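K.L.:
Quick one: sequence and predicted model below, then my questions.
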4 protein chains.
Amino acid sequence: MKNPVLLVSCDDQRGLIHSITGVLLQAGANIISNQEFVDPESRRFFMRTEFEDAQGLERLDETIRAVLPARAEMRVQQPVRRRVAVMVSKEHHCLADILVRHAYEELPADLIAIIGNHDVLRPLAKKFNVPFFLAASSDVSQETHEAELVRILAPLAPELLVLAKYMRILSPAFIKRWPDRILNIHHSFLPAFAGAKPYHQAFQRGVKVIGATAHFVTNELDSGPIIVQQVIPVDHSHTPQSLIQAGRDVEQMVLSRALRLLLEDRIFLCGNRTIIFD
Amino acid sequence: MKNPVLLVSCDDQRGLIHSITGVLLQAGANIISNQEFVDPESRRFFMRTEFEDAQGLERLDETIRAVLPARAEMRVQQPVRRRVAVMVSKEHHCLADILVRHAYEELPADLIAIIGNHDVLRPLAKKFNVPFFLAASSDVSQETHEAELVRILAPLAPELLVLAKYMRILSPAFIKRWPDRILNIHHSFLPAFAGAKPYHQAFQRGVKVIGATAHFVTNELDSGPIIVQQVIPVDHSHTPQSLIQAGRDVEQMVLSRALRLLLEDRIFLCGNRTIIFD
Amino acid sequence: MKNPVLLVSCDDQRGLIHSITGVLLQAGANIISNQEFVDPESRRFFMRTEFEDAQGLERLDETIRAVLPARAEMRVQQPVRRRVAVMVSKEHHCLADILVRHAYEELPADLIAIIGNHDVLRPLAKKFNVPFFLAASSDVSQETHEAELVRILAPLAPELLVLAKYMRILSPAFIKRWPDRILNIHHSFLPAFAGAKPYHQAFQRGVKVIGATAHFVTNELDSGPIIVQQVIPVDHSHTPQSLIQAGRDVEQMVLSRALRLLLEDRIFLCGNRTIIFD
Amino acid sequence: MKNPVLLVSCDDQRGLIHSITGVLLQAGANIISNQEFVDPESRRFFMRTEFEDAQGLERLDETIRAVLPARAEMRVQQPVRRRVAVMVSKEHHCLADILVRHAYEELPADLIAIIGNHDVLRPLAKKFNVPFFLAASSDVSQETHEAELVRILAPLAPELLVLAKYMRILSPAFIKRWPDRILNIHHSFLPAFAGAKPYHQAFQRGVKVIGATAHFVTNELDSGPIIVQQVIPVDHSHTPQSLIQAGRDVEQMVLSRALRLLLEDRIFLCGNRTIIFD
């Protein structure tokens, strides 16, 4: 990720690719990769173009906008490291995976804070020199807990929140501070087993696969746009406890994959669905 | 499948394996393969043993039962071809897969009838010389339709019904005629997207995997014990129609796999869950 | 597949997408989907564009060629049913899968002939009303056998040959009659276990996955460009015989998927590698 | 893993299960889980039995051996934490995964040393308080390098060596010090792409899946008994570099899975194949 990318979403019309690539050509840009999609339901056009060598990048925005229809969303995104805060509870595996990838420069992000509603993972954060904050949730109201979260987060100005097995529901008031920028991992293949204790639900139902879902957080619990899903096979010999253990690998892989897609600007929203250019 | 198998399910107690294998040893049996499982919740013991060379098979049943606790279910199953009827609607792929496997002796079963609630698949059945019966469901009540099904099925005495994309709900009265012997394929990874039009539901929810579930039919819709589940990855470029197409391969594979497990006596029921010795 | 597709492969240069989409725009075409790729090693550009509503299709070829660099390969492909011949030996599963898909209009192809080097699968071909020809390979030289194949095939003028578990090696002289148009299924995840009896090789090596590979046939055995590969997990309980059985499902799925990609013009060759726009 | 397990491998004979479970029953043992397998080629019998409540464990060994045929291998294994040394080169991901699992008590092992032939991963080891030793391999002969390895390892007396992307070939003299106790991860689905640079080989061959293989190290390079294999799909857009990145997740998962199987005594050797009771 060392080149700028152009991100366009707008109503479809004839000649869009031709017009947009024309502006890039005039700016001297060489297209490295280019992906488009038209959603057949909404007739919305999506495009992600990675390019190099363009001149006059500061004016490119304006020039491209001029060839797009009304109500277009468009952005020329320079390579950037985003400011990311991670929220956790007691489980370590997703956080550890993100910390290792961050430490070895696999993610274009600065981990600016880890916030736990328990203090359990402070030593892990410390190993990797990322600041850890405790925002206890026991014996306080959701309102008080979220006020504490905001008190910690506001001065840090994160661009993205990652819920790495943070086991609490967030209020609409909290969510609207980071619209479409809160990433959650849910430990089931949604929409199956939304809500609490999905592995216990899976055990009771006797399923033969379990899985994990990375999605954007919206006001409706576990119902936001899905980014990545994966499953693994299980059988009758699994207990709820061994399902929990078996699920960890897939949870951390799914969350890290979604985080990378997000940081590389590969995800578009189309209603409650995601368009992913990978 | 040319050897007898011993099938045991009973309350767990010490020494069960020792006692049972003792009876087999005395009968001169050589154990080919042996699988056991104790369900930790119900403390129920399950065992499937394939053996050869046993003498006095006719008395084995009685001798084994003598070493088991009360309320045991036990059976020495000789290799057998089961009588199977397949119920279909308009989609051909699951039926075609079963017909081909049957024609090439891959399934220890006799296909005694195919019953369609439409006439569409009659030519396919005819190609493979399996009798086809029409039991129309349009413009008749469920009661009338099911009476017609029973009228066709009763004299044929099927041991097993396979719903190979038979797109109608069966009444409890019908189901209780073949308890735990009606196999259904549902075109989603249950419990997600139970009921009608699962691929349309999947499209609306924007999932990144779709799947299929083979299960026993019970009175509660799409909620019977699950036997086999598999999924395949999908992305934003899929329409409901292309999800339907993509799902066909996994549907027919899941159904045929479940059917084989059933015909080889590899499935035990444990409440609403299945124990599968494969 | 009811729209024309434009297929371009040429040396990369700036402005290609802009020029090509410009010609399409002038012809009044609406782009349905568009995929491009530049191979970083060879600097070769590949593009597949599905479009509708274009006028003057007969002249489009010429107009597009005018904006491409020298040594470009380009074609505007109208929707078409290709003439396909299938070559088989004794195993039925891949052939049966193709016959069913063909019978139910899932493949844009006309099955004009099935040629077996044994007579075993004649009844299967007959069920689906596709002409079957025997070209015996026992007790004759490869030269004689291939002369017989050509005698049968030449008047039928197939555009594509599918080797659906045809278990013999073809000579360079035969292969060059259908360059890049002979599709083979090999029953291993190539390059592992090329040549004879791959499942026996896999058993001896003690692998924990087996698979299948669909590839174009070239003069070097099992070394042509790979189109589709899939694997399934296996364990120590598998014998060579049960590996053969377990592999069938994946073989037929891989071959049918490759055949569909080929018939929909989704495969480009780039040296010994394939670019696949799916 | 808090119960003892009985591990038996011997020539098959009638009544083995009955005799062995008889001894366990007399010792008052309750069988938690029991798995057997007879290799059809060698007629060798394998059994792994987890049990609880047995009395006179110290004499159980002898009593069981008395009912086994000659040339039996047998062991009653108490729950134990094995002493494990990890050998690395420059890549961090497999080591990091093992360190995290070790830190959170997911592996019944004591990590007693990490030895690198480069110094790059010393800081990672230090974060997790595991001793790191440098045994440089540049500018020294293999003999000198291995002498240094032995000098470090001998006093630590590891029971198991894990090659976590240690990128050098070990000599037979070194290997025979830890027979069947050196675990390696190879970054391909063996036997494809043995030896150096498997991802570059995979790229050149144009495969559509890549994978990883955990195996025991033997004198023949990348040819030891395979324990775990997994693959992931790739396509034409992957470069050798992106294959390397994509492969990391599967490498670490495969290695950790094999390590767990080994530490839980779930692997038997049967010639160059593994029997795995999971």
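P.N.:
Yes, it's here.

K.L.:
what about the lowest-mean-pLDDT helix or strand in chain A, near chain C?
P.N.:
In chain A, the helix or strand scored least confidently by mean pLDDT, DSSP states H and E is helix A:57-67, which has a mean of 92. No. Residues of helix A:57-67 are not located near chain C by Cβ under 8 Å from any Cβ of the partner chain, the shortest gap being 11.9 Å. From N, CA and C alone the C-beta is placed, and that goes for glycine too.

K.L.:
give me the low-pLDDT residue ranges for chain A?
P.N.:
A:1 (pLDDT under 70).

K.L.:
what ranges do the strands span in it?
P.N.:
With strands called from DSSP state E, chain A shows them at A:5-11, A:30-39, A:44-52, A:73-77, A:82-88, A:109-116, A:132-134, A:160-163, A:182-186, A:209-216, A:226-233, A:267-270, A:273-276.

K.L.:
and the shortest one, what does it pack onto?
P.N.:
For strand A:132-134, the helices and strands in contact under the criterion 3 or more Cβ pairs under 8 Å, 6 or more residues apart in numbering or on different chains; DSSP states H and E are strand A:109-116, helix A:122-127.

K.L.:
which strands and helices sit next to the shortest one?
P.N.:
Meaning helix A:122-127. helix A:93-103, strand A:132-134.

K.L.:
Relative to residue B:262, which of these is closest?
P.N.:
Taking Cβ to Cβ, helix A:93-103 is the member of the helices and strands packed on helix A:122-127 nearest to residue B:262, at 37.6 Å.

K.L.:
near chain B, which residues of the stretch 151-278 of chain A?
P.N.:
A:189-193, A:204-209, A:211, A:225-231, A:235-237, A:239, A:270, A:272-276.

K.L.:
Are any of these buried, and if so which?
P.N.:
Among those, the ones that count as buried by 16 or more other Cβ atoms under 10 Å in any protein chain shown are A:189-193, A:205-209, A:211, A:225-231, A:236, A:270, A:272-276.

K.L.:
Quick check: residues of chain A near chain C?
P.N.:
A:14-15, A:17-18, A:21-22, A:24-25, A:30-38.

K.L.:
rerun that using 7 Å as the cut-off
P.N.:
Residues of chain A found near chain C (Cβ under 7 Å from any Cβ of the partner chain) are A:14, A:15, A:17, A:18, A:21, A:22, A:25, A:30, A:31, A:34, A:36.

K.L.:
Buried only: go through the residues you listed for me.
P.N.:
A:15, A:17, A:18, A:21, A:22, A:25, A:30, A:31, A:34, A:36.

K.L.:
Just the buried positions in the longest helix anywhere in chain A, please.
P.N.:
The residue-count maximum for a helix in chain A (DSSP state H) belongs to helix A:240-263. Of all the residues in helix A:240-263, those buried under the rule 16+ other Cβ under 10 Å are A:243-244, A:247-263.

K.L.:
just those that are near chain D?
P.N.:
Okay, of the buried residues of helix A:240-263 touching chain D (Cβ under 7 Å from any Cβ), that's A:249, A:253.

K.L.:
Leaving out the residues flanking it, which one is nearest to residue A:12?
P.N.:
residue A:45 (4.1 Å; Cβ to Cβ, 6 or more residues apart in numbering or on different chains).

K.L.:
meant to ask about residue A:201
P.N.:
residue A:193 (4.4 Å).

K.L.:
need the residues of chain A near chain D, please.
P.N.:
So chain A meets chain D at A:92, A:96, A:100, A:104, A:127, A:249, A:253 (Cβ under 7 Å from any Cβ).

K.L.:
and the stretch 1-150 of chain A, which residues reach chain B?
P.N.:
Counting by Cβ under 7 Å from any Cβ, the residues of the stretch 1-150 of chain A that sit close to chain B are A:37, A:40.

K.L.:
what angle separates the longest helix of chain A from helix A:93-103?
P.N.:
30 degrees (axes from the mean of the first three to the mean of the last three Cα atoms, to 10 degrees).

K.L.:
could the helices and strands packed on helix A:122-127 be laid out in a markdown table, adding distance to residue D:72 and mean neighbour count?
P.N.:
Below are the helices and strands packed on helix A:122-127 laid out as a markdown table (distance: least, Cβ to Cβ, whole Å; neighbours: other Cβ atoms under 10 Å in any protein chain shown):
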| stretch | distance to residue D:72 | mean neighbour count |
| --- | --- | --- |
| helix A:93-103 | 41 | 23 |
| strand A:132-134 | 54 | 17 |
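
K.L.:
Out of these, which gets nearest to residue C:184?
P.N.:
helix A:93-103 (40.5 Å).

K.L.:
Need the residues that contact the closest one.
P.N.:
Residues outside helix A:93-103 that contact it (Cβ atoms under 7 Å, 6 or more residues apart in numbering or on different chains) are A:86, A:88, A:107, A:109, A:111, A:114, A:121, A:124, A:128, A:130, A:162, A:164-165, A:185, A:248, A:251-252, A:255-256, A:259, D:96, D:100.

K.L.:
What of stretch A:265-278?
P.N.:
Residues contacting stretch A:265-278 (Cβ under 7 Å, 6+ apart): A:5, A:7, A:9, A:35, A:37, A:39, A:42, A:44, A:46, A:48, A:77, A:180, A:225-227, A:261, B:206, B:235-236.

K.L.:
pretty sure residue A:228 is touching residue A:257, no?
P.N.:
Yes. Residue A:228 lies in contact with residue A:257 (Cβ atoms under 7 Å); the separation is 4.9 Å.

K.L.:
Could you check how many residues crowd around residue A:92?
P.N.:
Using other Cβ atoms under 10 Å in any protein chain shown, residue A:92 has 22 neighbouring residues.

K.L.:
One more: residue A:197?
P.N.:
14.

K.L.:
Also residue A:62?
P.N.:
The local packing of residue A:62 (other Cβ under 10 Å) involves 12 other residues.

K.L.:
Please determine how far it is located from residue A:14.
P.N.:
Distance, residue A:62 to residue A:14, by Cβ to Cβ, to the nearest Å: 23 Å.
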